[in-house]
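# sequence unknown, structure follows:
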């Protein structure tokens, strides 16, 4: 059976207290999630049968973050900046090609 | 390749303003997500290679909600109470059997 969203992307946006484990929120997660959502919409990729960008609570890979997971493929990425997000969108979400250099 | 979490479960916990579209938050989503997280932990199911329960932003199936999605299976459920959550945990998360009566 096909997936309601062909690519369902979850950005960990969890924020921890200073002194706790590292967290994605302090590594730009919310900004990058917002950017991804905007880009996907601009590219006409958003919607059922296509792509959905979501924020999520702690995905519990804090030390390796910031992290994002693409389902149903179950491919995990880390990222630094907008160029990384653009590459994930163009390569993985549009063309279905895993971006090995960003893979966790 | 295997999934980092064998079953990764996302509860929509989005809250909308009164008068807007319906939202999962006003149908008990947060309480049910907390309950699921507790039960999965108690059953020894939580962790890498096993189960992860997460909250998520709006999954955009508001009119059909409250909703939850199990990845990488891409199976969507709605639920009413703890008995429904228990059934999803025991049937789907433990035994890999889709709970047809709760399927969206």
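That came through fine. Bear in mind that the values here come from a model prediction, so they are computed numbers and not experimental data. Residues are numbered from 1 along each chain as shown, chains lettered A, B, ... in the order given.

# low-scoring stretches of chain A, by residue?
Within chain A, the stretches with pLDDT under 70 are A:1.

# what does it have sitting close to chain B?
For chain A, the contact set with chain B under C-beta under 8 Å from any C-beta of the partner chain comprises A:1-4, A:8, A:10, A:48, A:52, A:54-61, A:69, A:71-74, A:76. To be clear about C-beta, it is placed using only N, CA and C from the backbone, and glycine gets the same treatment.

# Can you tell me which of the residues you listed are buried?
A:3-4, A:8, A:10, A:52, A:54-61, A:69, A:71-74, A:76 (16 or more other C-beta atoms under 10 Å in any protein chain shown).

# Sort out for me which of the residues you listed are in strands.
Assigned to strands by DSSP state E, the following of those qualify: A:8, A:10, A:52, A:54, A:55, A:56, A:69, A:71, A:76.

# Farthest pair within these?
Maximum pairwise distance among those (C-beta to C-beta): 17.0 Å, between A:52 and A:76.

# where does the nearest residue to residue A:58 once chain neighbours are set aside land in three-state SS?
Distance criterion C-beta to C-beta, 6 or more residues apart in numbering or on different chains; nearest residue to residue A:58, sequence neighbours excluded, is residue A:14 at 3.8 Å. What DSSP: H, G, I helix; E, B strand; the rest coil gives for residue A:14 is coil.

# Now do the buried residues in the biggest helix by length in chain A.
Identified as the longest helix of chain A according to DSSP state H is helix A:29-42. Using 16+ other C-beta under 10 Å as the test for burial, helix A:29-42 gives A:29, A:30, A:32, A:33, A:35, A:36, A:37, A:39, A:40.
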